[in-house]
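In: attaching a predicted model along with its sequence, questions to come.
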Amino acid sequence: MAGPFARLRRGSAVLAGGLALAAVMGGAPAARAAPETFNTALPVPKGEFIFREQFLYKRASDDPSPANRELEVGGGISVLGYGVTGDLAVFGVLPYLRKSLDVTTAGGQRVTRTTTGIGDARLFARYTVFHDDAPGRTFRISPFAGVELPTGDNDDRDSLGTLPATLQLGSGSWDPFAGIVATYQTLDFEVDVATSYKANT
């Protein structure tokens, strides 16, 4: 499945880039909100909650193998953040997904296998180690660390047997991750750059 997954990631990036370009070309007003698909270093006020919901749709096709697999993933990702202090914020991320795989069996029959439910949740903390604020702009650097919890099923079955790993909602493992994100924001635009590492246990 390496090929379709690569196409899946590229397709999502192209879609996001295309929508951004369409907004710019259409003369849309400047955005004043943080990106939905990316972590930022922007602060969460002390004692306050923030919530955001991301809806997603991904599709991988053009499988060159005789199985001619077509994978579709849709759903929503809920994010809840809380400002512990002015610099420290904690977050919880919970996805709810529907995955569908069309595949041609060895006998030439076309079958559809699906699964729906909660995926693996993420809990992490983010701490601002540097900030440079001025009227109308801010620059911040924040490392973060957390763990992905095995809240999604990883042994779902259907009438054909155990679903393949690509259809499972969870990994079945506790996976720690860490990284760092930098954000530069003005009243007219925002740039976020991040790097992270996850240990798949």
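Out: Yes, it's here. Residues are numbered from 1 along each chain as shown.
In: contacts and neighbour counts: CA atoms only from here.
Out: Fine.
In: now do the longest strand along the chain: distance to the chain's middle.
Out: Across the chain, the strand with the greatest residue count (assigned by DSSP state E) is strand 88-104. Its chain's average C-alpha position is 8 Å from that of strand 88-104, according to CA atoms, centre = their mean, to the nearest Å.
In: all numbers from here: first residue = 522
Out: Sure, I'll start numbering at 522, so the last one becomes strand 609-625.
In: residue boundaries of the helices in the chain?
Out: 523-546 (DSSP state H).
In: just for it, where's the confidence low?
Out: Within the chain, the stretches with pLDDT under 70 are 522-559.
In: try it again at 90.
Out: 522-564, 582-588, 626-629, 680-682, 687, 722 (pLDDT under 90).
In: which stretches of it form strands?
Out: 570-581, 591-604, 609-625, 631-639, 643-648, 651-655, 658-669, 678-679, 682-683, 696-707, 711-719.
In: got the buried residues for stretch 674-683?
Out: Asp674, Asn675, Asp676, Asp677 (16 or more other CA atoms under 10 Å).
In: correction: the previous question concerned stretch 603-616.
Out: Result for stretch 603-616 [16+ other CA under 10 Å]: buried residues Tyr603, Gly604, Val605, Asp608, Leu609, Ala610, Val611, Phe612, Gly613, Val614, Leu615, Pro616.
In: between these, which sits nearest Val565?
Out: Gly604 (4.9 Å; CA to CA).
In: measure the closest one to Lys719 for me?
Out: According to CA to CA, to the nearest Å, Gly604 and Lys719 sit 24 Å apart.
In: and Ile639, how many neighbours?
Out: Using other CA atoms under 10 Å, Ile639 has 18 neighbouring residues.
In: please apply the same query to Phe698.
Out: 18.
In: these two touch, right, it and Ala666?
Out: Yes. Contact criterion CA atoms under 8 Å: Phe698 and Ala666 qualify, at 5.7 Å.
In: now do the contacts for Gly667.
Out: Arg643, Leu644, Phe645, Ala646, Pro697, Phe698, Ala699 (CA atoms under 8 Å, 6 or more residues apart in numbering).
In: leaving out the residues flanking it, which one is nearest to Phe612?
Out: Gly602 (4.3 Å; CA to CA, 6 or more residues apart in numbering).
In: can you give me the buried ones in stretch 613-633?
Out: 613-625.
In: can you measure across stretch 578-596, start residue to end residue?
Out: 7 Å.
In: oops, could you answer that again for stretch 638-651 instead?
Out: Using CA to CA, one end of stretch 638-651 lies 39 Å from the other.
In: please apply the same query to stretch 598-615.
Out: 6 Å.
In: can you tell me how far the residue found closest to Ser663 once you drop the neighbours it is linked to in the chain is from Glu569?
Out: Nearest non-adjacent residue to Ser663, counting by CA to CA, 6+ apart: Thr649, 4.3 Å away. Taking CA to CA as the measure, Thr649 and Glu569 are separated by 16 Å.
In: many thanks, have a good one.
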